[in-house]
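Novice: No letters, just coordinates:
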């Protein structure tokens with residue numbers, strides 16, 4: 001039985017999967033197995049394209065009808081029996097030392113149910129390192145901390161206890177999993193070095209912010225209700241702070257989508273995005289309007305003085 005199972009959910013991954021899978025094969029720690037779960041891709045995943053994997057018995061492919069990334073991850077975990085489970089998205093990459101470093105850290109922190117690492121955002125404009133705040137249950141609730149799922153190594157029994165990835169969530173499942181793990185098992189082990197590259201491109205950047213906000217509210221309200229029932233005012237306050245944070249965050253995304261629609265001349269979508277943003281955080285729309293007026297005034301002043 002391998003020590004680590006690597007689960008990669010895939011849906012129409014294009015050229016990204018070969019790079020992600022190559023970063024698994026390049027790991028310094030070699031005692032792993034990898035399951036690629038093809039979640040109903042319209043162009044079925046072929047592990048021998050572009051590079052043949054016939055000589056890599058640690059990698060296997062499982063196909064299933066499309067059920068969403070949460071189900072794909074849960075299925076992948078269920079197809080393995082290792083002590084540790086690591087997750088990697090189809091377009092992210094690992095540093096060769098990642099698994100080795102994390103397992104060493106988990107051995108030094110035997111009470112931790114999972115480990116995460118620092119990471120680098122790979123943007124079209126260049127790379128940007130993540131700025132991490134200590135991951136605790138309260139910090140995750142309040143929106144002060146973040147965990148990248150492609151950096152996680154999770155103890156299998158802990159993953160099972162929290163119910164794995166919630167199949168009802170399509171946008172917030174990573175965060176919800178980390179919340180549940182921290183709530184029951186405490187803070188994770190952490191390696192601050194950037195051992196993962198999170199590749200940002202159009203397909204993963206254009207998320208449905210309205211759905212993301214709705215899912216975040218659902219998750220936070222559940223944790224807040226549990227805290228209220230237990231009389232835990234600290235956690236309840238963190239959940240309420242998280243609600244304010246998610247409303248501001250997704251309202252800003254709505255405003256940004258409205259700006260892009262305006263640039264395209266799509267006024268129907270402008271109105272729709274601004275309405276969605278206003279429902280989340282009316283102040284975000286007011287601020288956006290003030291910024292627009294300020295920018296326009298500045299342009300007029302510059303023209304008058306030129």
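Specialist: Good, I have the coordinates. In this text the structure is predicted, and so the values were computed from the model without any measurement.

Novice: Which parts of the stretch 151-300 of the chain are helices?
Specialist: Applying DSSP state H, counting those that start in this stretch to the stretch 151-300 of the chain gives helices spanning 156-161, 173-185, 202-205, 209-230, 233-264, 267-280, 282-305.

Novice: of all the ones you listed, which lies closest to residue 145?
Specialist: Closest to residue 145 of the helices of the stretch 151-300 of the chain is helix 173-185 (C-beta to C-beta; 8.8 Å). Just so you know, the C-beta spots here come from the backbone N, C-alpha and C atoms, and that holds for glycine as well.

Novice: which parts of that closest one are buried?
Specialist: 173-183, 185 (16 or more other C-beta atoms under 10 Å).

Novice: quick one, what contacts residue 242?
Specialist: 141-143, 216, 220 (C-beta atoms under 8 Å, 6 or more residues apart in numbering).

Novice: Of these, which is the nearest to residue 195?
Specialist: The shortest approach to residue 195 among those belongs to residue 143, at 23.7 Å (C-beta to C-beta).

Novice: What about the closest one, how many residues nearby?
Specialist: 20 (other C-beta atoms under 10 Å).

Novice: quick one: the spatially closest residue to it that is not a sequence neighbour from residue 210, how far?
Specialist: Nearest-residue entry for residue 143: residue 245, 3.4 Å, with adjacent residues in sequence omitted and distances by C-beta to C-beta, 6 or more residues apart in numbering. Distance of residue 245 to residue 210, computed by C-beta to C-beta, to the nearest Å: 16 Å.

Novice: between those two, which one's more packed in?
Specialist: Higher neighbour count among residue 245 and residue 210: residue 210, with 19 against 16, using other C-beta under 10 Å.

Novice: For the more buried one, give me its contacts.
Specialist: 250, 254, 276.

Novice: Count the residues that sit near the nearest residue to residue 178 once chain neighbours are set aside.
Specialist: Using C-beta to C-beta, 6+ apart and skipping residues adjacent in sequence, the residue nearest residue 178 is residue 147, 4.3 Å away. Neighbourhood size, residue 147 [other C-beta under 10 Å]: 23.

Novice: Equivalent analysis for residue 135, please.
Specialist: 20.

Novice: list the contacts for it?
Specialist: 116, 145-147, 178, 182, 187-188, 190.

Novice: which ones among those residues are found in strands?
Specialist: 116, 190 (DSSP state E).

Novice: what angle separates the helix or strand containing residue 121 from helix 173-185?
Specialist: Assessed by DSSP states H and E, residue 121 sits inside strand 114-123. Interaxial angle, strand 114-123 versus helix 173-185 (axes from the mean of the first three to the mean of the last three C-alpha atoms, to 10 degrees): 160 degrees.

Novice: Could you list the buried residues of strand 114-123?
Specialist: Across strand 114-123, burial judged by 16+ other C-beta under 10 Å covers 114-122.

Novice: now swap in stretch 71-80 and tell me
Specialist: Buried residues in stretch 71-80 (16+ other C-beta under 10 Å): 71-77, 80.

Novice: now do stretch 8-20
Specialist: 8-13, 16-18, 20.

Novice: Check the separation of the first and last residues in stretch 63-82.
Specialist: The straight-line separation of the ends of stretch 63-82 (C-alpha to C-alpha, to the nearest Å) is 21 Å.

Novice: Same question for stretch 164-184.
Specialist: First-to-last residue span, stretch 164-184, C-alpha to C-alpha: 13 Å.

Novice: residues making contact with it?
Specialist: 67-71, 73-74, 77, 113-114, 116, 135-137, 140-141, 146-149, 152, 154, 158-159, 161-163, 188, 207-208, 211-212, 215-216, 219, 223.

Novice: which SS state does residue 73 fall under?
Specialist: Under the three-state scheme (DSSP: H, G, I helix; E, B strand; the rest coil), residue 73 adopts helix.

Novice: Could you check how far it is from residue 5?
Specialist: With C-beta to C-beta as the criterion, residue 73 and residue 5 are 11 Å apart.

Novice: Same check on residue 137?
Specialist: Distance from residue 137 to residue 5, by C-beta to C-beta: 26 Å.

Novice: next one: residue 259
Specialist: Distance of residue 259 to residue 5, given as C-beta to C-beta: 43 Å.

Novice: what stretches of the stretch 151-300 of the chain score poorly on pLDDT?
Specialist: Within the stretch 151-300 of the chain, the ranges that satisfy pLDDT under 70 run 201-207, 288-300.

Novice: what about 50?
Specialist: Where the stretch 151-300 of the chain drops to pLDDT under 50, the residues are 205-206, 292-300.

Novice: who's residue 199 bridged to?
Specialist: Taking DSSP bridges as the rule, residue 199 bridges to residue 122.

Novice: What's the mean pLDDT across stretch 21-33?
Specialist: The average pLDDT for stretch 21-33 rounds to 96.
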